[in-house]
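Visitor: give me a model of this one.
(one chain, ligands or ions: 2)
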Amino acid sequence: MAGAVLVTGGAGYIGSHACVALIESGHEVVVLDNFCNSHPEAIRRIEEICGVAPVTIQGDIRDRALLDELFSAHNIESVMHFAGLKAVGESVEMPLAYYENNVAGTLTLLQAMDSAALSSIVFSSSATVYGDPASVPINEHFPLAPTSPYGWTKQMLEQVLTDWQRVDDTRRVALLRYFNPAGAHPSGRMGEDPQGPPNNLVPFVAQVAVGKRDKLRVFGDDYPTPDGTGVRDYIHVLDLVDGHVVALDYLQTHPGLHTFNLGTGSGVSVLEMVQAFAAASGRDIPYEVVDRRAGDIAECWADASRARDLLNWEANRDLAQMCEDTWRWQQGNPGGYR
Ligand code: NAD
Ligand code: WQD
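Guide: Numbering: from 1, shown residues only. Ligands and ions are numbered 1, 2, ... in the order given. The predicted model follows:
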């Protein structure tokens, strides 16, 4: 029987949805998570949805001894690597914590994979590696120019993985550059569970809709966009994780390094998101326009044709579904997993 997939960060927002998608497509899953930004209840919800609990190890990707033990105890065939810190603003305040966790952690993971002769990894990169793009849509050949320590960790790790793959042509690496993940599992049982005030638009809007926050602050309405507010490519987390499952399959037959944008290919403004969420929830979303947020760009959306052509993958869930699923999760779990 084929070996299991090690999912690092498998209790997190995207990782937990990936566990469900992997289990539903017949994979055995082992989760490694230190729960620094997640809760063990997420693992229980995976079991609730799938009827099977992934083997779960509480631990850190920087713990080499633990990784060696894990690889010898379990028949792991490939790795989906989600574990990492992801708050852009916090990374500016605490760059060393980000380089340590994300970069040093991934180096340790790769060293342990080498020792265990593992050659296949799917890596969570981000559209943040493109920085402020010269034009949209953004394809995979655009220059990389991250603007935060967080973004630099992603660019550095893309380079590390590129060099690691070059050593041995049987190695397989997928660099998946996500645009803006949003939405939740349609069951309403699994979703994004930010600690403290959300940094990202969709979870913030959801908390306004449910009455947990009194209003949204719209960061600027003087961008050169149709309504003046920032435009992003929001992708349903279920489409995103489906992209991971097909990328993993692709690696089976295509050794080498492969980079894919995972986005929908179209942009949505802040005010369009507010409107769509109000429609999905039937609630008012009060907002006020405030100054631009430092470091924000006007617009960003993907040219996702490479993933369509090579992986036969396309995002097919629309904005309404993204908002409805987020709303179901938010309403049913106003305190998240806690
Ligand atoms: P998340 O914080 O919900 O999940 C990350 C998980 O990794 C958490 O469960 C956390 O506890 C765990 N973790 C962190 N450091 C660890 C360590 N050293 N050892 C073990 N576990 C550790 O974040 P997410 O939104 O699910 O993001 C997953 C990945 O996708 C991250 O690498 C992130 O940078 C990347 N990404 C996220 C977005 C986004 O907007 N959510 C966009 C692009 C890329
Ligand atoms: C979206 C739009 C804001 C909050 C970030 C990271 C990126 C990636 C995804 C990991 C922008 C506006 C937001 C609010 C607002 N993560 N906004 N009020 O900035 O595109 O990307 O998350 O890799 O690296 O930078 O996403 O959801 O924060 O913002 O007006 O309270 O919503 O200005 O136009 P962003 P976001």
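Visitor: what parts of this structure come near ligand 2?
Guide: Contact residues (C-beta under 6 Å from any ligand atom) of the chain with ligand 2: 86, 88, 126, 128, 180, 199-201, 204, 216-219, 230, 232, 270, 293, 296. Using the backbone N, CA and C atoms, a C-beta is placed for each residue, glycine as well.
Visitor: now, the residues you listed that are in strands?
Guide: Among those, the members falling in strands (DSSP state E) are 126, 180, 216, 217, 218, 219, 232.
Visitor: could you find the closest non-adjacent residue to the first one?
Guide: What that stands for is residue 126. In space, and not counting its chain neighbours, residue 126 is closest to residue 154: 5.0 Å by C-beta to C-beta, 6 or more residues apart in numbering.
Visitor: against residue 301, how distant is the one you found?
Guide: Separation of residue 154 from residue 301 (C-beta to C-beta, to the nearest Å) stands at 18 Å.
Visitor: got it, and residue 203?
Guide: Residue 203 sits 20 Å away from residue 301, going by C-beta to C-beta.
Visitor: state the pLDDT value of residue 2.
Guide: For residue 2, the pLDDT comes out at 85.
Visitor: please apply the same query to residue 29.
Guide: Looking at residue 29, its pLDDT stands at 98.
Visitor: does stretch 228-243 reach ligand 1?
Guide: No - using C-beta under 6 Å from any ligand atom, stretch 228-243 never reaches ligand 1; the gap is at least 8.4 Å.
Visitor: and that stretch, how far apart are its ends?
Guide: 31 Å (C-alpha to C-alpha, to the nearest Å).
Visitor: re the thing from before, wait, the residue nearest to residue 126 touches residue 129, no?
Guide: Yes - contact status for residue 154 versus residue 129: in contact at 5.2 Å, counting by C-beta atoms under 8 Å.
Visitor: common neighbours of the two, please.
Guide: residue 146 (C-beta atoms under 8 Å, 6 or more residues apart in numbering).
Visitor: ok, whichever residue of the stretch 101-250 of the chain sits closest to ligand 2 to ligand 1 distance?
Guide: Relative to ligand 2, the nearest point of the stretch 101-250 of the chain is residue 230 (2.2 Å; C-beta to the nearest ligand atom). Residue 230 is 14 Å from ligand 1, where distance means C-beta to the nearest ligand atom, to the nearest Å.
Visitor: burial measure for that residue, as a count.
Guide: By the criterion of other C-beta atoms under 10 Å, residue 230 has 25 neighbours.
Visitor: was I right to think it contacts residue 289?
Guide: No - if you go by C-beta under 8 Å, residue 230 and residue 289 don't touch, sitting 11.6 Å apart.
Visitor: what is in contact with these two at once?
Guide: With C-beta under 8 Å, 6+ apart, residue 230 and residue 289 have common neighbours residue 220.
Visitor: start and end of stretch 24-32, how far apart?
Guide: Taking C-alpha to C-alpha, the first and last residues of stretch 24-32 lie 19 Å apart.
Visitor: got a quick PyMOL command for the buried subset of the residues of the chain next to ligand 2?
Guide: To isolate in PyMOL the members of those that are buried, counting by 16 or more other C-beta atoms under 10 Å, one can use:
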select buried, resi 86+88+126+128+180+200+201+204+216+218+219+230+232+270
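Visitor: pLDDT score for residue 211?
Guide: 96.
Visitor: around ligand 1, pick out the residues from this structure.
Guide: Residues of the chain lying near ligand 1 by C-beta under 6 Å from any ligand atom: 8-9, 11-15, 32-38, 60-62, 82-86, 101, 105, 124, 126, 178, 181.
Visitor: buried ones among these?
Guide: Buried subset of the residues of the chain next to ligand 1 (neighbour count, 16+ other C-beta under 10 Å): 8-9, 11-15, 32-34, 37-38, 60-62, 82-86, 101, 105, 124, 126, 178, 181.
Visitor: which of those fall in helices?
Guide: 13, 14, 15, 105 (DSSP state H).
Visitor: show me the contacts for the first one.
Guide: This means residue 13. Per C-beta under 8 Å, 6+ apart, neighbours of residue 13: 38, 181, 191, 192, 193, 237.
Visitor: just to revisit the earlier point, how far away is the residue nearest to residue 126 from residue 88?
Guide: Here residue 154 is placed at a distance of 11 Å from residue 88 (C-beta to C-beta).
Visitor: shared neighbours, the two?
Guide: residue 128.
Visitor: next, count neighbours for residue 197.
Guide: Taking other C-beta under 10 Å as the definition, residue 197 ends up with a neighbour count of 10.
Visitor: need the pLDDT of it.
Guide: Residue 197 carries a pLDDT value of 95.
Visitor: residue contacts, whichever residue of the stretch 1-150 of the chain sits closest to ligand 1?
Guide: Of all residues in the stretch 1-150 of the chain, residue 12 sits closest to ligand 1, with a separation of 2.0 Å (C-beta to the nearest ligand atom). By C-beta under 8 Å, 6+ apart, the contact list for residue 12 reads 33, 37, 38, 42, 82, 83.
Visitor: ok, residue 47 touching residue 55?
Guide: No - Residue 47 lies out of contact with residue 55 (C-beta under 8 Å); the separation is 11.2 Å.
Visitor: common neighbours of the two, please.
Guide: Counting by C-beta under 8 Å, 6+ apart, residue 47 and residue 55 have no common neighbour.
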